[in-house]
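1. Take this sequence and fold it.
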Amino acid sequence: MTQMPRSFMPSALAIAASLVVHTAIAGTASAQAPRYGRIRGVVFDSVSMSALGGATVQLVSVADPSRARSTTADGLGRFRYDSVAVGSWILSAVHPRLDSLAVREIMAPVTVGERGATRATITVPSARTLADRVCGSTDSATDSSGFLFGRLRSVREGRAAVRGTVRVQWLELLYENGTWRREVATIDASSDPDGSFLACGVPVRGIIRLKAWSGTDSSGVIEFTLPEHGIYKHDLFVGESRLLRTAEAPPPSSDSLAATDSIVNIVWRGSGQLRGVVRGLNAKPLANARVTVRATGLEARTDDQGAFTLNGLPTGTWTLDLRALGFEPELRPVDIFPSDSAVPQFAMQQLLMLDTVKVRADRIRRLGSRMAGFEDRRRAGLGRFLTPEDIEKIQPNQFTDLMRRIPGVQVILAGASRDIITMRGTFNRCSPTIFVDGMRMPNGETINSFLPAAWIKAVEVYQAGFAPGEFMNALSGCGSIVVWTGERPTSGTTAPSK
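-> Just a heads-up that it's a prediction; the model follows:
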C-alpha cells in the first residue's frame, strides 16, 4: 500500500542536533570575544515560480540547537537576521502553501561570516523533484504525470479519518496495431488508518474524476483538472446516500428509437443540508442564481440576499453547480453534512461585457476561426450540424426548438424553460453534455433559461463516441451538443462577448 507523502526532509532541529557531534570541540572552548554577522535571504517556491510571502523562517544553530530564532518573511518572501554568531546554522521555512505540495517545511544550510551579509535562499523543490520523491523516479524529460493526495474522512463520528478507497479515472487515447482506441484508466488508492491516500501517475492534462467510498458510505463524483505543476490535494468526505430510480415515457414522436425507450432518472438523496450565500460583482449578494448539487435532481434559487438552502441531499463531498445570467458558471466540490451551522460564501465571476463596436470586432476575429473549425467538422460528417443560415430559416423561439429537429434527440417537457434534452447513449437514453462557445455546461440541462435563441449562431450534435476530443465526455456514455453564439446573417442581435 502506497503511503501518503509526509515531510520530505527531517526538521531543522533534528538536522542541527545531528551535526553537533561533528562540530563539537573537545575540552574547553578558547575564551575569545564573540563575532557576529548578518543574514539576508528570500523564500522561493519553484513550483509556482513565486515568492512565499509571509512564510515563517526559523534559524537554528548547528553547534547548539537550543539557540533558535524566528522571523516572518515580507510580501516578497524576503527576510533578515542581524547579530548572528559566526558559524554554521540551519534555515527552515513553513508556509500554508507547502501543505498543498505534500511538504512540511523547507530548509537550507548557511555559514555566517563576519564580514558583510550572508545571502541565503530557501527554495521549494521543483514539482518534478517532488513527484519523483513521492512516487519514485521517472523520466523527467518525457513524463507529464503528477500525483494527488489528501485524507478520507467520514461525516459520522465527529468527521474522523477512515479507511476506504478513492477511485481516480481519466480518458486515455491509445494506439495499438495501427488503430486508435479510447480507454478509461482507473487507479484505486486505499487510505491508511489516518485517512491519508495517494494516487501517482495522474495525467496533468484532461478531466480527472474522483470518487471515494468506505463501507456503505460514499462521496459523489468530483471533476477537476490537475494543475500544470502536477500536484493536487483534496480531502474527501464519505457519507450516507440513497439511490432513487424513476422512469417516465418519452412524448409521442416519429423517431422509432425514442418510441421504444423510457427515460430513467437516477438521483441521490439523503439527510444532508447545504446553506450558503452567492455573491457577484463587488461581493454583492446575487439574487436568482440557480444552485444545484449534481446527481441529486434538487435545485434552489437564491433570494435577494443571495442566500439559498438545499435539503434532502446525500452527505459527503459532492459537486455544487452555480449558474446565473451574466456570470461564469461555477463547478466546485462541497462537503455536505446532516446538520451544519456553517454558511459558506460562493463568489461568481461576471462575464466580460463589451460595447457593440468592440463586440462586433471581437466576433469577427474570434468566431471566424471557430467557424472554420465548424466547417471542417461538418465536412467530416461525423455529426449533425445547423449552420447560421439553417437557424435563420427556422427562426426558433428557444434553443430546444432546434433540438426537436435533430433525429435521435428528444425534448421532454419539464416546465417553463426547463425542457430536458435526451438522446440514445451507449446503453440507454441519456442526457448529453452541452458546450456553449467551448465551455462545458451542466449535463442534460436545457439552456433555454440563459441563452436567447437570437444569440445562437451554429449547432453541432454528436452521438456517443463520435464527438471530437475537445467536446467528448467519454465517461458519461452519452453524446454531445455544441452551441456557438454570435450574429447570424440577418438576425440583427449581438450576443455578449465571453
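2. State the distance from A347 to T319.
-> Distance from A347 to T319, counting by Cβ to Cβ, to the nearest Å: 17 Å. For every residue, glycine as well, the C-beta is placed using N, CA and C.
3. Which one of the two is surrounded by more residues?
-> Neighbours were counted for A347 and for T319 using other Cβ atoms under 10 Å; T319 has more, 20 against 14.
4. ok, and the closest non-adjacent residue to the more buried one?
-> R294 (4.3 Å; Cβ to Cβ, 6 or more residues apart in numbering).
5. pLDDT score assigned to that neighbour?
-> Looking at R294, its pLDDT is 85.
6. can you count the residues close to it?
-> By other Cβ under 10 Å, the residues close to R294 number 17.
7. That one touches D321, doesn't it?
-> Yes. The criterion here is Cβ atoms under 8 Å, and R294 meets it with D321 at 5.7 Å.
8. Tell me if I'm right that T111 and T118 touch.
-> Yes. Using Cβ under 8 Å, T111 is in contact with T118, at 7.2 Å.
9. Please tell me how far Q395 sits from L298.
-> According to Cβ to Cβ, Q395 and L298 sit 35 Å apart.
10. With neighbour numbers in mind, choose between those two.
-> When neighbours are counted by other Cβ under 10 Å, Q395 and L298 differ, and L298 comes out ahead with 17 against 10.
11. ok, and the closest non-adjacent residue to the more buried one?
-> L310 (5.6 Å).
12. Kindly list the main-chain dihedrals of the residue lying closest to G215 once chain neighbours are set aside?
-> Take G215 and drop its neighbours on the chain: the residue closest to it by Cβ to Cβ, 6+ apart is G164, 7.5 Å away. The phi/psi pair for G164 (degrees, to the nearest 10) reads phi -180, psi -160.
13. give the contact list for G164.
-> Counting by Cβ atoms under 8 Å, 6 or more residues apart in numbering, G164 touches L152, S190, S191, A212, W213, S214, G215, D217, V238.
14. Determine which two of those are furthest apart.
-> S190 and D217 (15.3 Å; Cβ to Cβ).
15. So the two - more neighbours on which side?
-> Neighbour tally, S190 and D217, criterion other Cβ under 10 Å: the higher count belongs to D217, 20 against 13.
16. And the pLDDT for the closest residue to the more buried one other than its chain neighbours?
-> Nearest residue to D217 in three dimensions, chain neighbours excluded: V238, at 4.1 Å (Cβ to Cβ, 6+ apart). Note for V238: predicted pLDDT of 96.
17. Go ahead and list the helix or strand containing V238.
-> Secondary structure assignment for V238, by DSSP states H and E: strand 236-238.
18. which residues touch that strand?
-> With contact meaning Cβ under 8 Å, 6+ apart, strand 236-238 is reached by 150-155, 159, 162, 164, 166, 210, 212-214, 217-219, 222, 315-317, 335-337.
19. G75 touches G53, doesn't it?
-> Yes. The criterion here is Cβ under 8 Å, and G75 meets it with G53 at 4.1 Å.
20. Next, count neighbours for G54.
-> Around G54 there are 14 residues (other Cβ under 10 Å).
21. residues in contact with it?
-> With contact set as Cβ under 8 Å, 6+ apart, G54 has these partners: T72, A73, D74, G75, H95.
22. repeat for V168
-> L148, T186, I187, D188, A189, A199, V202, I208, R209, L210.
23. Now the strand or helix carrying it: buried residues?
-> Per DSSP H and E, V168 falls inside strand 165-176. Neighbour counts over strand 165-176 (16 or more other Cβ atoms under 10 Å) mark T165, V166, R167, V168, Q169, W170, L171 as buried.
24. From those residues, pick the one nearest L59.
-> Nearest to L59 among the buried residues of strand 165-176, counting by Cβ to Cβ, is V166 at 39.3 Å.
25. would you list every one of the strands in the stretch 351-498 of the chain?
-> Along the stretch 351-498 of the chain, counting by DSSP state E, counting those that start in this stretch, strands occupy 384-386, 409-412, 420-424, 429-430, 433-436, 439-440, 456-462, 480-485.
26. quick one: the last one to strand 456-462, angle?
-> So the one you mean is strand 480-485. Interaxial angle, strand 480-485 versus strand 456-462 (axes from the mean of the first three to the mean of the last three Cα atoms, to 10 degrees): 170 degrees.
27. In terms of packing, which of T111 and T118 has more residues around it?
-> T118 (19 against 12).
28. so who does that one touch?
-> G37, R38, I39, R40, V110, T111, V112.
29. next one: the strand or helix carrying it to chain centre, how far?
-> Using DSSP H and E, T118 sits in strand 117-124. What separates the centre of strand 117-124 from the centre of its chain is 33 Å, taken as Cα atoms, centre = their mean, to the nearest Å.
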